[in-house]
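Chemist: Using only what follows, build the 3D model:
(one chain, ligands or ions: 1)
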Amino acid sequence: MQEIELKVTLNTLIEKLGHPSGTKYENLSASDKAHIEGYQDQFDPETPDFENGQCYCGEYGCKDAYEHATSGW
Ligand SMILES: [Zn+2]
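Modeler: Residues are numbered from 1 along each chain as shown. This is a model prediction of the structure:
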């Protein structure tokens, strides 16, 4: 269960960086991998930082925050 959720999040992050859906983490450049690791470091899926505007998806100031909050993130 936890593994599936992590994969969804990872794929979403990869798409956020502008890669086509389904791009594998292994195929990213080193700088893109660093971006994703940065996201994962700042994001605790149990307790998003709502007070500072963090969305369920881990992004601060997410423009889809309402969708993410209501779609089972
Ligand atoms: Zn979001």
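Chemist: quick check: domain ranges of this protein?
Modeler: Using automatic domain parsing, the domains assigned to the chain come out as 1-41, 49-73.
Chemist: And these: which comes nearest the ion?
Modeler: domain 49-73 (3.2 Å; C-beta to the ion). (Glycine included, C-beta is placed from N, CA and C.)
Chemist: distance of the residue lying farthest from the centre of the chain from C62?
Modeler: Distance to the chain centre peaks in the chain at E51, reaching 18.2 Å (criterion: C-alpha atoms, centre = their mean). Between E51 and C62 the computed distance is 15 Å (C-beta to C-beta, to the nearest Å).
Chemist: quick one, strands of the chain?
Modeler: In the chain, no strands are defined using DSSP state E.
Chemist: How about the residues of it by the ion?
Modeler: C55, C57, E59, C62, D64, H68 (C-beta under 5 Å from the ion).
Chemist: so where is this protein shaky, pLDDT-wise?
Modeler: 1-8, 42-46, 72-73 (pLDDT under 70).
Chemist: Would you map the helices across it?
Modeler: 2-16, 30-42, 65-70 (DSSP state H).
Chemist: could you measure C62 against Q54, distance?
Modeler: 8 Å.
Chemist: actually E37, not the one I wrote
Modeler: Taking C-beta to C-beta, one finds E37 at 17 Å from Q54.
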